[in-house]
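Student: my questions concern the predicted model and sequence given below.
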Amino acid sequence: MFAASKDMMGKDHIVECNPSITTVNEAIKTNNPKYLWVIRQAGNQYILENKKYGRMFSAAEDKKDNDHIVETRPGSGDTTDKWLWNMQATTVAWMTKLADSKLLSELSIPGTHESCALHDFPGTTYNAKCQNLDLESQLTYGVRVLDLRLKKTSANTLEAWHGDTPVFNVDQQISFDRIVEICQTFLSRFNGETIIVSIKKEGGDDISGLVEQEINSNSQLWYTQNAIPLLKDVRGKIVLLRRFDGNSLGIDLSPGKWKDNNPDFTIQVPNGTFSIQDEYHPSGNKEAAKAGKWAVVKNMLDLCNASNAQNCWYLNFTSGYYMVDYGVSEIPDIAVISNAVNKQLKSYLPGLNKCGTLMVDFIDDTIIQEIISLNK
């Protein structure tokens, strides 16, 4: 992977390649900002900035002959054309290239289950954490469906949590306000994209009033009709999938309609259908649970792939957990399921024509790319 470094022999910078780092996830795990890059839109073109050193790549004329060179000197607010690039192969703005006439239900969309769940219960692993990528990274790599589990706090704010029992509940250390700010910032840079946000109450008191308050404070940012929209109508917007009671905003997937731990059910909306797989606790021993979860994921993939219905939105949760006995108590292990299912996804997706929306634990760039590539 590419990293930026200071040139010890001059005042400019160099770009180095570390052959031992071969994936985006490995670059992120180094916790070294020189491996991390931000893509910023400037009109119809883009600027690449390194998180450690700032703006990096610019084109310059080679004075020695007739070709050109690429400079890696960080800019100081320079906005001239030499810093601007066209991106032909990127997932940061993949929806921008799709036809306005497409319904969201016609698209193959990468999503994340428990999108904000980056933290485990203290002293344990993989019992609450569901993602390695933070929200900014998920959006940059191409994720367009976020699954938010929100809890009302004593300070009358909404925070992301995972778990709704007295024993199992983990603060994910990010507020709803901050989540919306991240989405709005992304959409302001890439206004041909849309972000679908599913919101569910995670224990505690009613959240509907605070959600509505946030939406009303910036209503132009949100699509809150109870209908599957055309892409042209939601570019630059957040589409609300409502999985909570208390108001009538958004596409209605509220608790009375959602079937718990179910591998195949439907919810009708005024202009279409949601076909949903969300069996999150497969039965049996470890091997049976892994095989069982993949079986229901594959079944929904096959149903979607064979369907000609433009207004049927396939929502397929690849997430789940297996209960591990620690003697004193059983604790959910999320990675047991995700490791098995994600491996299967990587080999199965390339053979499909479409896959609907996949809600994935521990999503990575390979899975994201495979899903996006199905939008032909």
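Tutor: Received it, and whenever you're ready, just let me know what you need.

Student: residue 222 versus residue 237, what's the distance?
Tutor: Distance, residue 237 to residue 222, using CB to CB, to the nearest Å: 6 Å. In this view, the C-beta of every residue, glycine as well, is placed from N, C-alpha and C.

Student: ok, now residue 375?
Tutor: For residue 375 relative to residue 222 (CB to CB), the value is 24 Å.

Student: neighbour count: the two, which is higher?
Tutor: For the pair residue 375 and residue 222, the greater number of neighbours falls to residue 222 (21 against 17), based on other CB atoms under 10 Å.

Student: wait, the more buried one sits on residue 215?
Tutor: Yes: applying CB atoms under 8 Å as the test, residue 222 and residue 215 come out as touching, 5.0 Å apart.

Student: looking at this, residue 105 is in a strand?
Tutor: No: using DSSP: H, G, I helix; E, B strand; the rest coil, the assignment for residue 105 is helix, not a strand.

Student: quick check: closest non-adjacent residue to it.
Tutor: residue 313 (3.7 Å; CB to CB, 6 or more residues apart in numbering).

Student: element containing that neighbour, please.
Tutor: Assigned by DSSP states H and E, residue 313 belongs to strand 312-317.

Student: how far off centre is the following helix or strand past that strand?
Tutor: Following strand 312-317 in sequence order, the next helix or strand is strand 322-325 (DSSP H and E). Relative to the mean C-alpha coordinate of its chain, strand 322-325 is positioned 27 Å out (CA atoms, centre = their mean, to the nearest Å).

Student: contacts for the helix or strand just after strand 322-325, please.
Tutor: Note on strand 322-325: by DSSP H and E, the next helix or strand toward the C-terminus is strand 330-333. Contacting residues not belonging to strand 330-333 are listed as 124, 126-127, 168, 321-324 [CB atoms under 8 Å, 6 or more residues apart in numbering].

Student: again, but for stretch 240-256
Tutor: Defining contact as CB under 8 Å, 6+ apart, one finds that stretch 240-256 is touched by 196-201, 206-209, 211-212, 215, 222-228, 239, 258, 267, 269, 274.

Student: ok, residue 180 - contacts?
Tutor: Applying CB under 8 Å, 6+ apart, we find residue 180 in contact with 214, 218, 221, 238.

Student: residues in contact with the last one?
Tutor: The reference is to residue 238. Residue 238 makes contact with 180, 183-184, 187, 194-197, 221-223 under the criterion CB under 8 Å, 6+ apart.

Student: now residue 144: closest residue in space, sequence neighbours ignored.
Tutor: Per CB to CB, 6+ apart, closest to residue 144 is residue 109, 5.1 Å.

Student: run through the bridge partners of the one you found.
Tutor: residue 357 (DSSP bridges).

Student: still on that earlier bit, drop anything exposed from the contacts of strand 330-333.
Tutor: Taking 16 or more other CB atoms under 10 Å as the criterion, what is buried in the contacts of strand 330-333 is 126-127, 321-322.

Student: now tabulate these in TSV and tack on pLDDT.
Tutor: Listed next are these as TSV, based on pLDDT from 0 to 100:
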residue	pLDDT
126	78
127	85
321	94
322	94
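
Student: any chance of these in a markdown table, plus distance to residue 36?
Tutor: Below are these laid out as a markdown table (distance: CB to CB, whole Å):
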| residue | distance to residue 36 |
| --- | --- |
| 126 | 24 |
| 127 | 28 |
| 321 | 30 |
| 322 | 33 |
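
Student: looking at the residues you listed, spot the one nearest residue 142.
Tutor: Nearest to residue 142 out of those is residue 126 (CB to CB; 24.1 Å).

Student: nearest residue to that closest one in space, please, no chain neighbours.
Tutor: residue 335 (4.0 Å).

Student: run through who's touching stretch 362-376.
Tutor: 23-25, 91, 94, 98, 107-110, 112, 130-133, 138, 141-143, 335, 338-339, 342, 345-346, 349-350, 352-355, 358, 360.

Student: if we use 7 Å, what do you get?
Tutor: With contact meaning CB atoms under 7 Å, 6 or more residues apart in numbering, stretch 362-376 is reached by 23-25, 91, 94, 98, 107-110, 112, 130-133, 141-143, 338, 342, 345-346, 349-350, 352-355, 358, 360.
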